[in-house]
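Q: model this:
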Amino acid sequence: MTLNYSTDRIESGMAFELRLDVPIRELAESRDVPNFTPQNGFVYRGMDSTDTRVEDFFGRGYAVRRYNFKLTAPKKTGRVVAGILTWKIQGEEYEIARPAIEVQRSYDAAAVEVSLSPSKRSVYEGEQLSVTLSIHTFEHFQGNLVATNMDLGNDFIAHRSDLSDLKLSPIPDAPMETRGSAKFAWLSSVKTGKVSIPPFKFKYMKVGAPKIVEKNQSHGGFSMSFKSVQQEPEEAEAQTAPLEISVLPLPAQNKPVDFSGMVGAYNFKASFDKDSLVLGDALTLSIQISGDGKPGTITDPVLPNFSEFRSVPPETDIKKKISGGKVITTKNIRIFLYPKKKGEFEIPAITYNWFNPAKRRYESQSEGPWKIKVEKGNSLATAGEMDSPIGNAPVVKEEIESLGRDIRYMHQIQSVSMQTLPLYKLILFWVLLGLPIPLYFIFCILVRLHRKRAGNSALMRKAKANKNLKRYVSQAKAALEKSDGREFYAALENGLVGYLSDLSNREFRGMTKESVKQNLTELGVSEENVQKVLEWQEKCAFARFAPVSGTSEERKASLSEFESLCDALEVLK
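A: Below you'll find the model as predicted:
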């Protein structure tokens, strides 16, 4: 007896027949009908039988009884056992076979499946969640997977991954298929209610379904027709399902009046570098805040009144890193304080608060208070000590008077040059004598201008805009030479966001598309350039996070477009 199938290719969801051929001469007199028990998702639809003739390897024909088991393949692809074929002969049941069938994907079906899955379906406003991108390719996938839309919408502050962890690996039960997943982004909602992530869209190439192609040829007055089965590559699209997240408002009960707006698990530290100093020295306040809330965003703490000190613009540094499956944002602040007078001062405690979604309560942490002692500088003490020798002069004079011979302290001048003029009669003397006065006023003006300029953080930031932009452009050119597309577009994206932030003194990092558009419009940027900024951000996002690699010529053209766009944005100066 032999087993075969009604078709050479069995596709998922396809109806087919499993055929059992038994030579009629070998059929037992006492027998039942063969039985098939389906497994692994195969559907048994019935059986019929018929007598027919088949040929053996040598072309000799013989009569057989053919049992046709009508089955439907499962949706899942891969090589699996379809079921158990048994037959009861002369009162004893025998297991005939356990046929293993390779279920394949239909050529008409998608060759790529993509999906997004969130770490949480319900979060608090400002709470961080991650989104995982999964890709599944089938045997008729031919490559060139390109993202055409990976927009996260306007409801989130996002930190995107570079998808370096996304590796497509063969599936054990289906070696012609691959599957891989990685965290694509970490999000924090900016509003409550139902928010959604629009579908991600991709395009790719796949093998098309077999088609019968007829060709006609003419030669020497004769025409011939040929038919052949061909499969050609064709472009297809894939997209994820829309993702909906429920965002809960923060509880009003026990909410601090000066709530920072941060949601997550946070740590807060604050300290001074010294507790005593002299006038003229700087006192440094160092603050560090870190947590897993809004990616790349941490608000400043409420600071006490430093009225007894003169301050300069603080130094602020924000860094992000991925740890434990979350984006940890760390903000370091350094504030430099210069005491105005001597004395002992008490600086009140500094408190920072946040909402912890895991514990569902508000938390706070305080540092301080601190006692600071300010003394006079060493230069003042030295000046006081220099007055003491003058007090000894009367003693010397009294000694001379008691001797009655003051003349002994007088000495005869041997020779005096008649050509030497007194200093007060020299022009150079009066020039040098009066020179410190205008120099003093010039020095005071320069000091005031410097303090005014240093006190204007926006002006200082705007002055460094071009310097910071050149640094990012240099990084992009270095990545261009190394043919590193991800680093190239990362440098340009960071450069554009930093340039906008420096020129406008507004933090564009982490803004949604609508917020970027609104802020640029308020700053007087033309509608054309606003659209160019948005398109450029989308272009960088696709190039960095989608599995696509551009050519060197395309990246050079992108660099030229970037420089032209930055020139147009100088209107913000």
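Q: Any stretches of the stretch 301-450 of the chain with poor pLDDT?
A: Applying pLDDT under 70 to the stretch 301-450 of the chain flags residues 378-421, 424.
Q: Do a quick rundown of the helices in it.
A: 378-385, 393-403, 427-434, 436-455 (DSSP state H, counting those that start in this stretch).
Q: Same check on the chain?
A: For the chain, helices defined by DSSP state H occupy the ranges 378-385, 393-403, 427-434, 436-455, 457-463, 465-481, 485-504, 513-522, 527-545, 552-568.
Q: closest to F138 out of the ones you listed?
A: helix 527-545 (23.3 Å; CB to CB). C-beta here means a position set from N, CA and C on the backbone, and glycine is covered the same way.
Q: nearest to S364, of the helices of the chain?
A: Among these, if distance is taken as CB to CB, the winner is helix 457-463, at 27.4 Å.
Q: And the average pLDDT for the closest one is what?
A: Average pLDDT, helix 457-463: 66.
Q: Run a quick neighbour tally on the residue nearest to E139 when sequence neighbours are not counted.
A: Among residues not flanking E139 along the chain, M176 sits closest, at 3.7 Å (CB to CB, 6 or more residues apart in numbering). When neighbours are counted by other CB atoms under 10 Å, M176 registers 16.
Q: check contacts around M176.
A: 138-139, 170 (CB atoms under 8 Å, 6 or more residues apart in numbering).
Q: ranking those residues by neighbours, who comes first?
A: Of the contacts of M176, with other CB under 10 Å as the count, F138 tops at 23 neighbours.
Q: quick check: mean pLDDT across stretch 163-176?
A: Rounded mean pLDDT across stretch 163-176 is 83.
Q: what do you get for stretch 126-146?
A: Averaged across stretch 126-146, the pLDDT comes to 92.
Q: Counting neighbours, which bits of it end up buried?
A: By neighbour count on 16 or more other CB atoms under 10 Å, the buried set for stretch 126-146 is 126-142, 145.
Q: Can you check the pLDDT for S526?
A: 86.
Q: Next one: it relative to T240, how far apart?
A: Look at S526 and T240: by CB to CB, to the nearest Å, they are 35 Å apart.
Q: neighbour-wise, which of these two wins?
A: With neighbours defined as other CB under 10 Å, S526 and T240 compare such that T240 has more, 20 against 12.
Q: okay but that one is in contact with P199, surely?
A: Yes. Using CB atoms under 8 Å, T240 is in contact with P199, at 5.1 Å.
Q: export the helices of the chain to TSV and tack on mean neighbour count?
A: Listed next are the helices of the chain as TSV, based on neighbours: other CB atoms under 10 Å:
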stretch	mean neighbour count
helix 378-385	10
helix 393-403	9
helix 427-434	10
helix 436-455	10
helix 457-463	14
helix 465-481	16
helix 485-504	21
helix 513-522	16
helix 527-545	16
helix 552-568	15
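Q: Return the set of buried residues in the longest strand along the chain.
A: Longest strand of the chain, by residue count under DSSP state E: strand 174-189. By 16+ other CB under 10 Å, the buried positions in strand 174-189 come out as 174, 176-178, 180-181, 183-189.
Q: Can you check what angle separates that strand from helix 527-545?
A: 140 degrees (axes from the mean of the first three to the mean of the last three CA atoms, to 10 degrees).
Q: Render the CA-only coordinates of strand 174-189 in PDB, please.
A: This file holds the C-alpha atoms of strand 174-189, laid out as PDB (Å, rounded to 0.1, in the frame of the first residue of the first chain):
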ATOM      1  CA  ALA A 174       9.800  25.900  10.000                       C
ATOM      2  CA  PRO A 175      13.400  26.600   9.000                       C
ATOM      3  CA  MET A 176      12.300  28.600   5.900                       C
ATOM      4  CA  GLU A 177      10.700  31.200   8.200                       C
ATOM      5  CA  THR A 178      12.300  33.700  10.500                       C
ATOM      6  CA  ARG A 179      11.100  35.600  13.600                       C
ATOM      7  CA  GLY A 180      12.500  38.300  15.800                       C
ATOM      8  CA  SER A 181      11.400  41.000  18.200                       C
ATOM      9  CA  ALA A 182      12.900  43.900  20.100                       C
ATOM     10  CA  LYS A 183      11.800  46.900  22.200                       C
ATOM     11  CA  PHE A 184      11.100  49.700  19.700                       C
ATOM     12  CA  ALA A 185      10.300  52.600  21.900                       C
ATOM     13  CA  TRP A 186       9.600  53.700  25.500                       C
ATOM     14  CA  LEU A 187       6.600  56.100  25.800                       C
ATOM     15  CA  SER A 188       5.000  58.400  28.300                       C
ATOM     16  CA  SER A 189       1.500  59.800  27.600                       C
END
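Q: Neighbouring strands of it in the sheet, and parallel or not?
A: strand 128-137 (antiparallel), strand 156-160 (antiparallel), strand 169-171 (antiparallel) (DSSP bridges).
Q: Name the nearest residue to F69, sequence neighbours excluded.
A: Per CB to CB, 6+ apart, closest to F69 is L18, 4.3 Å.
Q: Any idea what the one you found is bridged to?
A: With DSSP bridges as the rule, L18 is bridged to Y5, F69.
Q: and it, how many neighbours?
A: Neighbours of L18 using other CB under 10 Å come to 25.
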